[in-house]
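Chemist: Need the 3D shape of this:
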Amino acid sequence: MMKNNFLTPILLILMMLNSCAPKGSKIIAIDVLLTVPEDVYQHAIALNQSILKDNPDNFQLDDHHIPHITLLQAYVLESDMVNIEKTLESLYKTIEKDTLWASHLQYNKDKPSSFASIGIEEKNEPLQALHKEVIARLKPYILSDGNQEAYVQNPDGSPIDDFTIAYVPKFVSHYSYENFNPHISLGVAQTHVLDSLNAHVFRGMKFRATSISVYQLGNFGTAQKLLWESK
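Modeler: Below you'll find the predicted structure:
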């Protein structure tokens, strides 16, 4: 009897603690990104379509996998999104009037095939400063690891690829600050195809970003589900 009386308060405390646990604390993979105007958007789509003809296994850019410039990729708690949105609210004003330059088609010309992207002028100081500020503001919310369930799932039920899952937690340590390479991803193609696109299709474009947004990532680091955008 005494044993039962001793256990009852402990069980009550555990039940209370459990009821106070944060709701919706699923881990999600996010991309804090800049969206691009219609002319840059359509140019990226056209280049991606040409790449898909050479290599159909690529991701397809469209309204559900938008062309964009990544500022930060990270794992965070879904329950922290309200705070993340608040901390990003004022940032678009720091970049909205700055001109960005889609300056070149970047790929490795020394390999038979290569990943290709539209390179954004790297020495753009406002863009570099924005990248660093996004990381500084979100650092309290960044998690060290995530899993398959953190992503928008593939429609065919296939798993998220291992490269994507491993890439996201290394974004700050491996691909940021002096290693930051602002770009719009296009996909993988044979180098001779990219040479032709570079010579005959790609054109440099100056533009202004249309928003800072947060998307949930899908396979291959694609921006798939809009979670928040600046106003």
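Chemist: When you work out contacts or count neighbours from here on, use the C-alpha atoms and nothing else.
Modeler: OK.
Chemist: Who does the spatially most central residue of the chain form a beta bridge with?
Modeler: Nearest to the mean C-alpha position of the chain, by Cα atoms, centre = their mean, lies residue 31 at 2.7 Å. As for beta bridges, residue 31 partners with residue 73, residue 215 under DSSP bridges.
Chemist: per-residue confidence at it?
Modeler: Note on residue 31: pLDDT of 98.
Chemist: Contact partners for residue 112?
Modeler: Counting by Cα atoms under 8 Å, 6 or more residues apart in numbering, residue 112 touches 190-192.
Chemist: Drop anything exposed from the residues you listed.
Modeler: 190-191 (16 or more other Cα atoms under 10 Å).
Chemist: Okay, and which of the contacts of residue 112 map to strands?
Modeler: residue 190 (DSSP state E).
Chemist: how about the contacts of residue 112 in TSV, adding distance to residue 159 and pLDDT?
Modeler: Below are those laid out as TSV (distance: Cα to Cα, whole Å; pLDDT from 0 to 100):
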residue	distance to residue 159	pLDDT
190	26	97
191	28	97
192	31	97
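Chemist: what's the spacing between the residue nearest to the centre of the chain and residue 142?
Modeler: To residue 142, residue 31 is 12 Å away according to Cα to Cα, to the nearest Å.
Chemist: Over to residue 40?
Modeler: As judged by Cα to Cα, residue 40 and residue 142 stand 30 Å apart.
Chemist: Those two: who's more crowded?
Modeler: Higher neighbour count among residue 40 and residue 142: residue 40, with 23 against 17, using other Cα atoms under 10 Å.
Chemist: Grab the nearest non-local neighbour of the more buried one.
Modeler: Leaving out its chain neighbours, the residue that sits closest to residue 40 by Cα to Cα, 6 or more residues apart in numbering is residue 205, at 7.2 Å.
Chemist: Model confidence for that neighbour, exactly?
Modeler: In this model, residue 205 carries a pLDDT of 97.
Chemist: my guess is it meets residue 103, correct?
Modeler: Yes: contact criterion Cα atoms under 8 Å: residue 205 and residue 103 qualify, at 6.7 Å.
Chemist: re the thing from before, which among the contacts of residue 112 gets closest to residue 225?
Modeler: Closest approach to residue 225 among those (Cα to Cα): residue 190, at 29.7 Å.
Chemist: quick one, what contacts the residue lying closest to the closest one once chain neighbours are set aside?
Modeler: The shortest distance from residue 190 to any non-neighbouring residue, by Cα to Cα, 6+ apart, is to residue 113 (4.0 Å). Counting by Cα under 8 Å, 6+ apart, residue 113 touches 188-191.
Chemist: Closest one of those to residue 107?
Modeler: residue 191 (8.0 Å).
Chemist: Relative to residue 54, how far out is the closest one?
Modeler: In this view, residue 191 and residue 54 are 10 Å apart by Cα to Cα.
Chemist: where does this structure have low pLDDT?
Modeler: The chain contains residues with pLDDT under 70 at 1-24.
Chemist: just to revisit the earlier point, between residue 205 and residue 103, which one's more packed in?
Modeler: Per other Cα under 10 Å, whichever of residue 205 and residue 103 has more neighbours is residue 103, with 17 against 14.
Chemist: For that one, which residues are in contact?
Modeler: 118-121, 203-206 are the contacts of residue 103 under Cα under 8 Å, 6+ apart.
Chemist: Residue 227 now?
Modeler: The contact partners of residue 227, by Cα under 8 Å, 6+ apart, come to 213-216.
Chemist: And it, its phi and psi?
Modeler: With angles defined as degrees, to the nearest 10, residue 227 sits at phi -110, psi -30.
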